[in-house]
Each structure stands twice: as structure tokens, then as C-alpha cells.
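J.: quick one: sequence plus predicted model below, questions after.
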Amino acid sequence: MSAPATAPRAIAHRTRGTTHGPITRLMSPGDLGQVLKPFIFLDLVHFQPGAAQQGFGMHPHSGIATVTFLSEGDVRYEDSTGQAGLLPAGGVEWMRAGNGVWHTGAPVGDTPGRGFQLWVALPAALENAPAHSQYLAPELVPQVGPVRVLMGAYGPAHSPVAAPDGMTYLSVRLAQGERWTYTPPQGHTVAWAAVATGALTVGETIAAGDLVAFEPSSQSIDFVATQATSFVLGSAVPHPHDLVMGRYSVHTSPAALAQGATEIRRIATQLRQAGRLA
């Protein structure tokens, strides 16, 4: 007698977010970020060449790290750690804001841009650490089969991004009819997926523009592409702290938030003196 089939890992939440121009906000610290922390914010971006107001002006963060990945299109970047340049399609930006940072970015060229910006809540030991940024060229992003490792590890591949332990972030491309199974590392009971193009089934259908949060569990997730599909997936050990929120910042305590706000103001003064901030 054969063993009964295991039911697919259940979807606990799903959303299509809210869209403003080229940006669809799929998750914020005040909604699904509470469920999926340390993953607390996710934007799906879709830039069109030549359209107005598609960049992100110079703005601050503290207490978090941002991870930017565009599968299509190039992005110009600059930050208050002194780095500036062009991030080609397929590259990864890791910006650990820590105690405070200012940065900006905008699409360049005549190619449409599509991708995601993710925020992760930093552990208490790093939320007020010095800011640190990394910009990985596409050839430095490890790949295993259909998977590109944006943060953390998958199989034998480890991302060069200096992210805290306990978080994995992957970009996956599947051909029509292709099946892929994700088995979370030990302790990674938080898991979610967001589809950029195409459609998947995981027991339920996930269409382009959907973000789904899976029930907390260590169970594997089986994906089947019903058409050519690109999506991102995150898994993690749960973030154990409440989210204490500012406008651009998220910390584990009011004191840590206040410390970050002080550093953001100090950097702003420097940027204005240098003519880099109005």
C-alpha cells in the first residue's frame, strides 16, 4: 500500500499590493512585514524608458538593509558611504543602512527595467552598526540550475553579499512545465514568493504580480511553471523582535531608532554642505 501524498504547503496570505506609477508595493512593515519579518518590505518595479519621475531621490534609512535586483534594465546608484556607479541588469545591490545612510538610484538607458527591492530587518547587533554597501556585477551572483543566489546560500552556492545568517533570497526562472522544489534550511520557517512574469502552481495558482506568504513550517515547497516564469523567493529564521518604525527606518527598540535618526540628521548636514542634498 503506497504512502499518502503530502499536501502542498499552504498559502497563508496573498496580495497584489498597491501600484503607483512604475512601483507596486507588495509588502510593508505595517502589513505583511509583521508576518514575514525579517523580510519587511517588497516593491515590484517596472520602469519604462523615457518616463518621468522614475528614480528614487536621495533618501535615508537606518536599522535595515535593502536588496535591489533588476532582472531587466540598468540602474545608476549613489550612496553616502562614497560609492556610485551603474548596476547592470542581473546585478545585486546590498545596502546595510545600519546606524544610518542616504542613497539614491534611477533607471538608465532605453531598456525597460523590471525587478524587486527588498528590505530586511537587521538583528539588534547590526541595526546601529556602520553603514556598508556592496554592488555585485551579474557574473558575481552565483547560479545553480534555474536559481540565482541573491542572498544567503542554495545548494553548494553562497552569495558574496555580507548578509546576516539565517536569511536566503533567490531569483528563479522556470520554463513552461518545469518543476522546482525548494527545501528550506533548518530553522527557516518563514517563506514567501513573488512572481514577476508568468505563472506558477503550488497547489494554488500564483500569477504575475502576486506575493504569497506560506504557512510557518519547515515543509518543502513544490513549484510548477504553467508558463515561462520568473520569481523571487525568500526564507528565513523568524525575526524575534517587534518592529519599531520610523518613516524610512525600522529598528528593534525606540532607543535604537532614535540613535539612527540622529545619525541620519548628521549625514544630511554633511550632504548639504557638499551640495549633494537640497
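T.: Received it, and whenever you're ready, just let me know what you need.

J.: and the most centrally placed residue in the chain, which helix or strand is it part of?
T.: With distances taken as Cα atoms, centre = their mean, the residue of the chain nearest its centroid is residue 118 (2.3 Å). Using DSSP states H and E, residue 118 falls within strand 113-121.

J.: which intervals of the stretch 151-278 of the chain have sub-threshold pLDDT?
T.: The model of the stretch 151-278 of the chain has no residue with pLDDT under 70.

J.: mind running it again at 80?
T.: Residues of the stretch 151-278 of the chain that meet the criterion pLDDT under 80 lie in 278.

J.: returning to that earlier point: C-terminal to the strand holding residue 118, what's the next element?
T.: Criterion used, DSSP H and E; the element after strand 113-121 is strand 132-136.

J.: note down every partner strand of that next one and its orientation.
T.: Paired strands of strand 132-136, with direction, are strand 92-96 (antiparallel) (DSSP bridges).

J.: export the strand it pairs with as PDB, just CAs?
T.: The C-alpha trace of strand 92-96 is given here as PDB (Å, rounded to 0.1, in the frame of the first residue of the first chain):
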ATOM      1  CA  VAL A  92      22.600  42.900  -6.900                       C
ATOM      2  CA  GLU A  93      22.800  45.900  -4.600                       C
ATOM      3  CA  TRP A  94      23.200  45.200  -0.900                       C
ATOM      4  CA  MET A  95      22.900  48.300   1.300                       C
ATOM      5  CA  ARG A  96      23.200  47.700   5.000                       C
END
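
J.: quick check: closest non-adjacent residue to the residue nearest to the centre of the chain.
T.: residue 67 (4.5 Å; Cβ to Cβ, 6 or more residues apart in numbering). Heads up, the C-betas are built off the backbone N, CA and C, glycines and all.

J.: so who does the residue lying closest to residue 44 once chain neighbours are set aside touch?
T.: Of all residues not flanking residue 44 in the chain, residue 24 sits nearest, at 4.4 Å (Cβ to Cβ, 6+ apart). With contacts defined as Cβ atoms under 8 Å, 6 or more residues apart in numbering, residue 24 is in contact with 16, 17, 18, 43, 44, 45, 46, 209.

J.: just give the closest residue to the third one, not the sequence neighbours.
T.: Closest residue to residue 18 apart from its sequence neighbours, by Cβ to Cβ, 6+ apart: residue 25 at 5.4 Å.

J.: that neighbour contacts residue 32, doesn't it?
T.: No - using Cβ atoms under 8 Å, residue 25 makes no contact with residue 32, being 10.4 Å away.

J.: of those two, which one has the most company?
T.: residue 32 (24 against 16; other Cβ atoms under 10 Å).
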